[in-house]
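In: Okay, here's the prediction I keep looking at, along with the sequence it came from:
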Amino acid sequence: MPYITDHKQKFSDLNFNIDNQDQLRRQANGGNSILFTYPPCEESLYIEKARELYSHIAEFIDVSKLLVEFIDEDGWDSFAEYYTDFKNTPHVVFKSEDPSTDLFDLIIAAIRQACIADKIPFLIRSGSLYGTGIENVNIMEHRDVMNLRHPLVIFYPSMIADDNIYFLNFKLASKYRCTLVK
């Protein structure tokens, strides 16, 4: 089980990056995010340990709960009908440019609120974004995230093979402007 051997080093590396934001921005090519990778099957272990270590300085933003909140906004039947109409273009449902609140807006608002409360935003359960048309890079490169006084930490269920990151162990990840904790 990799968690037993890997988690201490990963959390040590995460602490270093949070404490040195100027260095974080240099390593991240101007970005303001940390991508914290771990095997998807061990997500609960990593989140539990993070809550134990960082609850005093972090706000944990659960994307899965925001997804449910977004669906509950108009009710399941309305959501299902809307999603069916746009299933080939899910970004229209979850990350539109119109003024109505969508999942992307809820995520950005939660990140802003964490920083207003002087907490480091930790985005957890990011695997919930799969299929929504929202890429982690959309969040990382959002102007509000780029200008936060604290870095955004994204818990990223993935594997790394041949210097490539695979989100959820199968989807090749973009080249992010962030610091990678692997």
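Out: Great, that's in hand.

In: Which residue ranges of the chain form strands?
Out: Remark: strands assigned in the chain by DSSP state E are 33-38, 58-62, 120-124, 152-161, 164-167, 171-172, 179-181.

In: Which elements pack onto the last one?
Out: Think strand 179-181. If you count contacts as 3 or more Cβ pairs under 8 Å, 6 or more residues apart in numbering; DSSP states H and E, strand 179-181 packs onto helix 2-19, strand 33-38. Every C-beta, even on glycine, is put in place using the N, C-alpha and C of the backbone.

In: Can you list the low-confidence ranges for this structure?
Out: By pLDDT under 70, the low-scoring segments of the chain are 1-5, 16-30.

In: rerun at 50
Out: Residues of the chain meeting the criterion pLDDT under 50: 1.

In: How far off centre is stretch 101-115?
Out: 11 Å (Cα atoms, centre = their mean, to the nearest Å).

In: typed the wrong thing, it's stretch 107-125
Out: Going by Cα atoms, centre = their mean, the spacing between the C-alpha centre of stretch 107-125 and its chain's C-alpha centre is 10 Å.

In: Could you shift the numbering so residue one becomes 202, and keep it that way?
Out: Right, with 202 as the first residue, what we last looked at is stretch 308-326.
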